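A.B. asks: Kindly generate the corresponding structure for this input.
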Amino acid sequence: MPSLALDKETFFRRLKHLYDYWKNSKDENVRALSDVDAFTCAVGVDDYTMYSKSSSLQIWLFGYELTDTVSVFTSEGVHIIASKKKVEFLKPAENIKDSDCPSVKLITREKGGNDKDSIEKLIKAIKNSKNGKSVGIFGKEKYPGSFMDAWRTEFEKENFNNVDISSVIGYILSIKSENEITLIKKASLSSVDMFTKYLKEQIMEIIDADKKVKHIKLVEGLEAALTDKKYLPANVDPSQLEFCYPPIIQSGGNYSLKFSATSDKNILHFGVIICSLGTRYKSYCSNLIRTMIVNPTEEIKSNYEFLISLEEVLMSKLKAGYKLCDVYNAGIEFAKKEKPKLVDLLTKNFGFVMGIEFRESSLMIAPKTTACVKKGQVYNLCVGLSGLTNKDGADKESKVYALYVGDTVLVNEDTAATLLTPSKKKIKNIAIYLNDDDDDEEEDDEKENEPKQEPIVSRGKRTAVLESKLRMDSSSEEKRKLHQKELAVALNEAAKQRLAEQSSGKQAQKIRKSNVSYKNRNQMPQEKEVKDLKIYVDKKYETVILPVFGISVPFHIFTIKNISQSVEGDYTYLRINFFHPGAALARGESYFQNPEAMFVKELTYRSSNTREPGEQITASTNLMNAYRIIKEVQKKFKTREAEEKEKEDLVKQDTLVLSVNKGNPKLKDLYIRPNIVNKRMTGTLEAHSNGFRYNSVRGDKVDILYNNIKNAFFQPCDGEMIILLHFHLKHAIMFGKKKHLDVQFYTEVGEITTDLGKHQHMHDRDDLAAEQSERELRVKLKTAFKSFCEKVETVTKQEIEFDTPFRDLGFPGAPFRSTVLLQPTSGCLVNFTEWPPFVITLEDVELVHFERVQFHLKNFDMIFVFKDYQKKVVMVNAIPMNMLDHVKEWLNSCDIRYSEGIQSLNWTKIMKTITDDPEGFFENGGWTFLDPESDEEEGAADEEEEEDEPYEPSDVESFEESDDDGSEYSEASEDSDSDEEELGSSDESGKDWSDLEREAAEEDRDRNDFQDEYSKKKMGSSSGSRYNSSSSHKKSSSDKHSPSKSKSSSHHKSNSNSNHHSSSNRHSTSSGSHGKRSSGGEKRRHDDSGDRHSSKKHRK
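C.D. replies: You can find the predicted model right below:
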């Protein structure tokens, strides 16, 4: 074995540790070893034995298994008989002489196989050790082979008193050193990656594609994947990795919750699937058990969540000093309290110690094990339920099921056991939901009933598949609509209940603290300028003292609105404007406790610029100095007020508890957004006991506590130029003198900018090397970030779970100024690449409304309405029309109610109407007014507000080109559609201009005569829409037809045709005109300012 080397330091440290237990330990668990005079370890060659105590002891001491080797441990030292090569491997241990360590004596076996003389030397050494009578052995081990037979024959001749020390050696080896724990952690992460990256993905793919795959085939695939680096952690050598036991995959009602079970040849059943696998790295074992459930019922979910809770209880009790039987009993007590009917169905034990051997049978979490838990022990903690029945099972295989969960955990001193296999196991992570398509069954029935045809008509099958697909699409759309109707009913009911639980009173308005310059006259400054009735600025009290009618009057700086200085001829004027009732104030500000009092609006002071004889300075110098100082004090006051305003809504955070462990999860060379200072700097993000701390290279610190994180995200660099971690907080934190609800840490994985001046060949070696380097960097960074996330999830016990966006489900949209890729996650809709970030938490969303949904438009808008009606709605603009079905399907899968309309609504007024009278809103149908079929949408869109309003996108059509160049989402993108619109539709091709104008005039009359029922109930005869700005005709059309309104309005009211127009208009504000008048050459416009003026002309 020249290529292998003995680790002398580890060998002597562990050998000394073993002898200390033998000679000096008073531990009751090693008493059997203390009573023997010597003990032996004999390892032969056996291909069928994977684990044994003798081979485990060899691996623990030497680092390798040495076959056909006998070791005798005596009071003086260790005597080892082995072949020549093995002796050469162990030679370094023989040459070192240390008084503190036992000596090592090596005996080389004879070449001819006659080892009698060598064995007699070992027997003699046993007899010379202490009394030479009692010998410790591993009783159940009998290795085959001539050398082992010869050793047993000579040993049994001496009739020693044999004592089985298997459990004692197992106990000594159970307490792991730091190096051993490191190896077990690598093995555990390998088990996690094998399940997460390969097995779970394979099962998902099989279910998704409805494949028929046998259990044994999946196991064979796992064994092949074990040698592939892409399914393993980055720091693991595949050549040192093997399975602890053949992986076990069970489904279809046949379950055995034992590690001796084998995967059968049955086909994977899409029900409850139990997966057990464990990897062994450099001889150290780990284990992972997960149960995947397809379409779980509520009962199965409840049982599974109970099992997860039971495992957490056991982990909390698995501390140093506890007896293993007490840990077991704590689990049983919890089960009796939560699910007493399931106690008899639990596994007979809850796990065992692992290490070099997969299972230490003497250290099981069982009712009769009295051994104490020790720090450094590693347990395979596994809990299961078998023999469960599923009443709702669709087939025979689904009627009976089992649940099994297992993890590798490390025992600590005082805290709960540490999880070493951080694979997600909550029900949302392991459940797979499939949509039942009745059409498939119907199609199968149709195929069975069809007569068999000749092969010559094979093309007919392809047609049948296409028809089936169309029928399925139609069916899915109907199911979606049905689901949305159910959600609409549930939404209104939930909203009513939520509003009933909330307090009816409005939020108390914050009263601004009044600024008082001086509490009494004695505090007034006594400077000469005050006595001389000059303008004086008291910087300490931030007060300006002004002479008014011969009296010095103090004015606090916050009462001054602005100040100006001007020079006119020989005089300088200082004009001071004050805040007063009726003046424009900032939103939400109220300075005046008594607005009925008399206020000074402005003061003007004049001073001469000419210098009189004997004067050193002009009289206006005082005004100039006062102007300068007032400006300085005002600026300082406003800055301080702005900072206080930023801080007033801050929630006080707990103090970050720093962890002293060197192994804290850490990421280096990260940028932070938003920046702490103007200049971008790198820093280090480190996870501590109760939060993260970011240290910049300049020394700035940003603390983010775990309990303040609402959502945590990890966005890999796939398709992006940055890789990032993003935290969306519950309460804003302060850094850089500003409040922030979103904090992001990222690093770049490539060049953000491209040098267009480079004129190099596409196959240039430098470019190819740079691309290869970038690919390697991406893999390295992705691995580092993912490892950081997994470690944080483990440290926080899944309190913090990093969500990853689904890029495949993303769609473009413009939540702010630019169009970005919006990506759904499991609970949010996000975009992190552009700043500011966009984060919508779906559980906070009440409903989603689509605006400007018309066939001839390329884009539509999406409005998010939140459950908190006081919160402003969020709009995402410019979503491509071809993504509408995609977005609907996603929202429907998330159980979020959506609606659509052809117009842009005035959401500020809608939300104000709801918050003013929520009970009345829901009594009149609630959110049903958004449905295209409802009467409320027409009524809400029919009236219009008189006063000018801010820009609101609308669906107004006009005969002229839209000239709104300022709109980023103007109709310039729809030029390709406009030519077809100008030609008119096929239905209108026979009408001339006079017919179209007459119809437009009739619709104008109907529009003004129509009155919204909902608005009539709420507002009586008041005009102005509560919900949106209505669409109206173009100005030229209005001017042409408005004079005829008053003459014929009564006629149209009594005419039956008028009723027809009115009823059709109730469905949509301009549904009657859109179809006809778009063919007359109108173009759709977003800006409704021109239409408001047109509407005013009608009313005049």
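
A.B. asks: what is the rounded mean pLDDT of the lengthiest strand in the chain?
C.D. replies: If you go by DSSP state E, the chain has its longest strand at strand 722-735. Regarding strand 722-735, the rounded mean pLDDT is 91.

A.B. asks: next helix or strand past that strand?
C.D. replies: strand 738-748 (DSSP states H and E).

A.B. asks: Residue 740 contacts residue 727, doesn't it?
C.D. replies: No - contact criterion C-beta atoms under 8 Å: residue 740 and residue 727 do not qualify, at 9.8 Å. Every residue, glycine included, has its C-beta placed from N, CA and C.

A.B. asks: These two: which is more packed in?
C.D. replies: When residue 740 and residue 727 are compared for neighbours, residue 727 comes out ahead with 22 against 16, by other C-beta atoms under 10 Å.

A.B. asks: for the residue lying closest to residue 32 once chain neighbours are set aside, what are its contacts?
C.D. replies: Closest residue in space to residue 32, ignoring its immediate chain neighbours: residue 168 at 5.1 Å, by C-beta to C-beta, 6 or more residues apart in numbering. Contacts were defined as C-beta atoms under 8 Å, 6 or more residues apart in numbering; by that measure residue 168 touches 21, 29, 30, 32, 33, 136.

A.B. asks: Now the helix or strand harbouring the fourth one - C-alpha only, CSV.
C.D. replies: What that stands for is residue 32. If you go by DSSP H and E, residue 32 is part of helix 31-34. Provided in CSV are the C-alpha atoms of helix 31-34 (Å, rounded to 0.1, in the frame of the first residue of the first chain):
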residue,chain,number,x,y,z
ARG,A,31,-18.0,-1.5,32.4
ALA,A,32,-17.8,-4.6,30.3
LEU,A,33,-14.6,-3.3,28.7
SER,A,34,-13.1,-2.3,32.0
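
A.B. asks: Show the end-to-end separation of stretch 93-111, please.
C.D. replies: With C-alpha to C-alpha, to the nearest Å as the measure, stretch 93-111 spans 23 Å from end to end.

A.B. asks: ok so, going back, which of the contacts of residue 168 are buried?
C.D. replies: Buried residues within the contacts of residue 168, counting neighbours by 16 or more other C-beta atoms under 10 Å: 21, 29, 30, 32, 33, 136.

A.B. asks: Between those residues, which sits nearest residue 270?
C.D. replies: Of all the buried ones among the contacts of residue 168, residue 270 sits closest to residue 29, with 47.3 Å by C-beta to C-beta.

A.B. asks: Which residue is the nearest non-sequential neighbour of that closest one?
C.D. replies: Looking at residue 29 with C-beta to C-beta, 6+ apart, the closest residue is residue 171, at 4.8 Å.

A.B. asks: and the one you found, what does it touch?
C.D. replies: For residue 171, counting by C-beta under 8 Å, 6+ apart, the contacting residues are 29, 30, 360, 362, 363, 371.

A.B. asks: Same check on residue 531?
C.D. replies: Per C-beta under 8 Å, 6+ apart, neighbours of residue 531: residue 552.

A.B. asks: What sits closest to residue 380 if chain neighbours are left out?
C.D. replies: Using C-beta to C-beta, 6+ apart, the nearest residue to residue 380 is residue 287, at 4.5 Å.

A.B. asks: roughly how far apart are the one you found and residue 351?
C.D. replies: 9 Å (C-beta to C-beta, to the nearest Å).

A.B. asks: more neighbours, the two?
C.D. replies: residue 287 (30 against 27).

A.B. asks: Could you double-check that that one lies in contact with residue 379?
C.D. replies: No - using C-beta under 8 Å, residue 287 makes no contact with residue 379, being 9.6 Å away.

A.B. asks: Can you check which residues contact both of the two?
C.D. replies: 354, 408.

A.B. asks: returning to that earlier point: have a look at the contacts of residue 168 and tell me the least confident one.
C.D. replies: Scoring the contacts of residue 168 by pLDDT puts residue 29 last, at 81.

A.B. asks: surely it meets residue 371?
C.D. replies: Yes - here residue 29 reaches residue 371: they are 5.8 Å apart, a contact under C-beta under 8 Å.

A.B. asks: Quickly note the distance from the spatially most distant residue from the centre of the chain to residue 569.
C.D. replies: Taking C-alpha atoms, centre = their mean, the residue of the chain most remote from its mean C-alpha position is residue 613, at 79.5 Å. In this view, residue 613 and residue 569 are 20 Å apart by C-beta to C-beta.

A.B. asks: Right, I'll call it a day here.
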